[in-house]
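Chemist: Fold the following.
(2 chains)
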Amino acid sequence: MSTKTKLVEKNGVSKSPTKSILSRALTSNSEWPDKEEFLDVIYWARQAIGIILGVFWGFLPLKGIIGLALFALINAGVIYFYFTNFQSVEEEEFGGAWELTKEGFMTSFAGFLVTWIIIYSGLHYQPESLT
Amino acid sequence: MWADTLLIVFISICTALLGEGLTWLMVYRTEKYQKLKTEVEKQSKKLEKRKEAHGDSLDKQHKKKIEREEERLKNNNRDLSLVKMKSMFAIGFAFTALLSMFNSIFDGRVVARLPFLPLTWIQGLSHRNLPGNDYYDCSFIFLYILCTMSIRQNIQKLLGFAPSRAASKQGNNLFGPTPQFK
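Modeler: Numbering: from 1, shown residues only, chains lettered A, B, ... in the order given. Sure thing, here's the model as predicted:
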């Protein structure tokens, strides 16, 4: 009995998304029957934001605690705006706003630091031995 | 600067792929692992649903049922980590050797310039084996760790080897108190 209901549920989930995940992620107020899919969207959006901000901060260049704080603010802010205003999902369904805000944060922070450090030291720093 | 930093990114991509490849060979493709993994995922989802449905009710029967299921999940989780453990040890040893090799190659070399001053307890890592007191200098190990943190997890996720959220959430609950069932 329970396997039967599960099968139906699975089929229901796999049939319903007629649009791809990407197009649903870019359309406001999309339906997210599978929680994992939405969390994945948040995760990958975070990674992209991390790398893009890292590249920007490196080119500018932004330095010090301001760079770190601005990253944390923009990263959390954009994602918060995305799920509250753009997608208007029920936060409670995903375990609260905090769960969504921290989804993939550390990985994105590491990616941000790597791109920031690489571009900053490549563009704006000459080792003393070479000058 | 570019050469060193890009080389480190390349090294960490290679080691992440190598690590995942080895784990796939020794763990992920085995039947025992796959069976346990699907079992744990199924149970975690079921448990989560049941908790949601009866979270507030203090019905003794439900409580007992949930406790029994938690116990089963705990056992399966333990078996799963045991299966992983052996290969993790082997890979750990191999990677320690690799890391010490890279460490000696980059010994005393400033690989990058940090755009921020790291916290004092990170300075030991970011300035490891570097001469002088300029804490903006970045050592190999710091950049390598950062690269691995981001690249390894993303590769795991892309290849579908990362543990599912439901399972890790339930797994965490097992070690801490579960407030609704005190």
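Chemist: what comes up buried for the helix or strand harbouring B:Ala53?
Modeler: B:Ala53 is part of helix B:31-54 when elements are defined by DSSP states H and E. Buried residues in helix B:31-54, counted by 16 or more other Cβ atoms under 10 Å in any protein chain shown: B:33, B:36-37, B:39-41, B:43-44, B:46-48, B:51, B:54. Placement of C-beta: from N, CA and C, glycine included.
Chemist: Include distance to B:Leu114 when you put those residues into JSON lines, please.
Modeler: Below are those laid out as JSON lines (distance: Cβ to Cβ, whole Å):
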{"residue": "B:Tyr33", "distance to B:Leu114": "40"}
{"residue": "B:Leu36", "distance to B:Leu114": "43"}
{"residue": "B:Lys37", "distance to B:Leu114": "40"}
{"residue": "B:Glu39", "distance to B:Leu114": "46"}
{"residue": "B:Val40", "distance to B:Leu114": "41"}
{"residue": "B:Glu41", "distance to B:Leu114": "41"}
{"residue": "B:Gln43", "distance to B:Leu114": "45"}
{"residue": "B:Ser44", "distance to B:Leu114": "40"}
{"residue": "B:Lys46", "distance to B:Leu114": "47"}
{"residue": "B:Leu47", "distance to B:Leu114": "45"}
{"residue": "B:Glu48", "distance to B:Leu114": "42"}
{"residue": "B:Lys51", "distance to B:Leu114": "45"}
{"residue": "B:His54", "distance to B:Leu114": "51"}
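Chemist: From those, pick the one nearest chain A.
Modeler: Closest to chain A out of the buried residues of helix B:31-54 is B:Lys46 (8.8 Å), distances taken as Cβ to the nearest Cβ.
Chemist: and the helix holding B:Ala53, does that touch chain A?
Modeler: No - taking Cβ under 8 Å from any Cβ of the partner chain as the criterion, helix B:31-54 and chain A are apart, separated by no less than 8.8 Å.
Chemist: Please apply the same query to stretch B:151-161.
Modeler: Yes - judged by Cβ under 8 Å from any Cβ, stretch B:151-161 comes into contact with chain A through B:Gln153, B:Asn154, B:Lys157.
Chemist: could you dump these to CSV with secondary structure and distance to B:Asp134?
Modeler: What follows is the residues of stretch B:151-161 next to chain A, written out as CSV (DSSP: H, G, I helix; E, B strand; the rest coil; distance: Cβ to Cβ, whole Å):
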residue, secondary structure, distance to B:Asp134
B:Gln153, helix, 31
B:Asn154, helix, 32
B:Lys157, helix, 37
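Chemist: Could you single out the nearest of these to chain A?
Modeler: For the residues of stretch B:151-161 next to chain A, the minimum distance to chain A (Cβ to the nearest Cβ) is 4.8 Å, reached by B:Gln153.
Chemist: wait, isn't the closest one in contact with A:Ser108?
Modeler: No - at 10.0 Å, B:Gln153 and A:Ser108 do not qualify as touching, with contact defined as Cβ atoms under 8 Å.
Chemist: which of the two has more neighbours?
Modeler: Using other Cβ atoms under 10 Å in any protein chain shown, the more surrounded residue of B:Gln153 and A:Ser108 is A:Ser108, with 27 against 20.
Chemist: What are the neighbouring residues in contact with the more buried one?
Modeler: By Cβ atoms under 8 Å, 6 or more residues apart in numbering or on different chains, the contact set of A:Ser108 is A:Arg46, A:Gln47, A:Ile49, A:Gly50, A:Asn75, B:Ser150.
Chemist: try B:Arg109
Modeler: B:Asp4, B:Leu130, B:Phe140.
Chemist: and it, which of the three is it?
Modeler: coil (DSSP: H, G, I helix; E, B strand; the rest coil).
Chemist: For it, grab phi and psi.
Modeler: phi -100, psi 130 (degrees, to the nearest 10).
Chemist: Which of the helices or strands spans the residue nearest the centre of chain A?
Modeler: Note on chain A: the residue nearest the mean C-alpha position is A:Arg46, at 1.9 Å, using Cα atoms, centre = their mean. Assigning secondary structure by DSSP H and E places A:Arg46 in helix A:35-59.
Chemist: Give me the buried positions along that helix.
Modeler: Applying 16+ other Cβ under 10 Å to helix A:35-59 flags A:37-47, A:49-51, A:53-54, A:56-58 as buried.
Chemist: That helix vs chain B: in contact?
Modeler: Yes - applying Cβ under 8 Å from any Cβ, one finds helix A:35-59 touching chain B at A:Glu36, A:Leu39, A:Tyr43, A:Gln47, A:Gly50, A:Trp57, A:Gly58.
Chemist: Counting by contacts, list what that helix packs against.
Modeler: Using 3 or more Cβ pairs under 8 Å, 6 or more residues apart in numbering or on different chains; DSSP states H and E as the contact test, the elements touching helix A:35-59 are helix A:21-26, helix A:64-81, helix A:105-124, helix B:140-159.
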